[in-house]
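> Model the structure of this input:
(chains A and B)
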Amino acid sequence: KQEVTQIPAALSVPEGENLVLNCSFTDSAIYNLQWFRQDPGKGLTSLLLIQSSQREQTSGRLNASLDKSSGRSTLYIAASQPGDSATYLCAVTFLSGGGADGLTFGKGTHLIIQP
Amino acid sequence: GAVVSQHPSWVICKSGTSVKIECRSLDFQATTMFWYRQFPKQSLMLMATSNEGSKATYEQGVEKDKFLINHASLTLSTLTVTSAHPEDSSFYICSARDLARPTFSEQFFGPGTRLTVL
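Predicted structure coming up:
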């Protein structure tokens, strides 16, 4: 069964710290990997998309890396701010469906940035 | 670009009634849309893949006769929860892919619909 796991489940850090969220997946045959942000009771905001041929993507203070062979991705958040507080979801499109499959989501990391 | 809307944003209904949720791609055409469900404190689970002009593909454990999906146009997919029961209360989110983009497999999500069945 193809699964996505996120560690830690929750994280609370003081404002200004750099932090890393981890994601692992059981099948290295992936099409792409996406990181999302979800605020309480809200929908998803796409943060970064990494294609299987890429090693990393950057957007502002966010950097996502992908190591397909080891089945891992990390989301690095620099100089964290209280507004970064949210649940961060990692999701994978596995290759079995030719990229046509839906996303398989991890359970998320609930992040709290203390002012 | 790549905006997806959902309607309604929330709905409360009585047990046994049917509820229809619409998912629209506002500025692009989407031959494929996906429907996900999220229970409280859980992650999103794929329910079904909706293809324009053909039958939806349902994930294992999802009842196709209970969750009716219609994808009649390139910009609209609907999910109808038939004979809803309290256990169907959940957050339903749709997504769509823009095949015209280089990253055509990237999914763009709607804001979600919160369904509460009394």
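> where do the strands sit along chain A?
Taking DSSP state E to define them, one finds strands in chain A at A:4-7, A:10-14, A:19-25, A:30-38, A:44-51, A:56-59, A:62-67, A:72-77, A:86-94, A:104-105, A:109-114.
> List the pairing partners of the second one within its sheet, with orientation.
In the sheet containing strand A:10-14, the strands it pairs with under DSSP bridges are strand A:109-114 (parallel).
> May I see the buried residues of the strand it pairs with?
A:109-111, A:113 (16 or more other C-beta atoms under 10 Å in any protein chain shown). Placement of C-beta: from N, CA and C, glycine included.
> How far off centre is whichever strand or helix holds B:Thr80?
B:Thr80 is part of strand B:76-81, with elements assigned from DSSP states H and E. With C-alpha atoms, centre = their mean, to the nearest Å as the basis, strand B:76-81 stands 6 Å off its chain's centre.
> what about the strands of chain A, which gets the closest to B:Leu44?
strand A:104-105 (4.6 Å; C-beta to C-beta).
> which helices and strands does the closest one pack with?
strand A:86-94, strand B:44-51 (3 or more C-beta pairs under 8 Å, 6 or more residues apart in numbering or on different chains; DSSP states H and E).
> Pipe the strands of chain A into CSV and attach distance to B:Gly61 per row.
Below are the strands of chain A laid out as CSV (distance: least, C-beta to C-beta, whole Å):
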stretch, distance to B:Gly61
strand A:4-7, 18
strand A:10-14, 28
strand A:19-25, 21
strand A:30-38, 23
strand A:44-51, 22
strand A:56-59, 33
strand A:62-67, 30
strand A:72-77, 27
strand A:86-94, 18
strand A:104-105, 15
strand A:109-114, 26
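> Nearest to B:Asn70, out of these?
strand A:44-51 (23.2 Å).
> And stretch A:2-19, what's buried?
Judged by neighbour count using 16+ other C-beta under 10 Å, the buried positions of stretch A:2-19 are A:4, A:6, A:11, A:19.
> Contact residues of chain B facing chain A?
Residues of chain B lying close to chain A by C-beta under 8 Å from any C-beta of the partner chain are B:6, B:32, B:34, B:36, B:42-46, B:49, B:59, B:93, B:95, B:103, B:105-112, B:114.
> Among those residues, which are located in strands?
Per DSSP E, the residues of chain B next to chain A map to strands at B:6, B:32, B:34, B:36, B:44-46, B:49, B:93, B:95, B:107-109, B:114.
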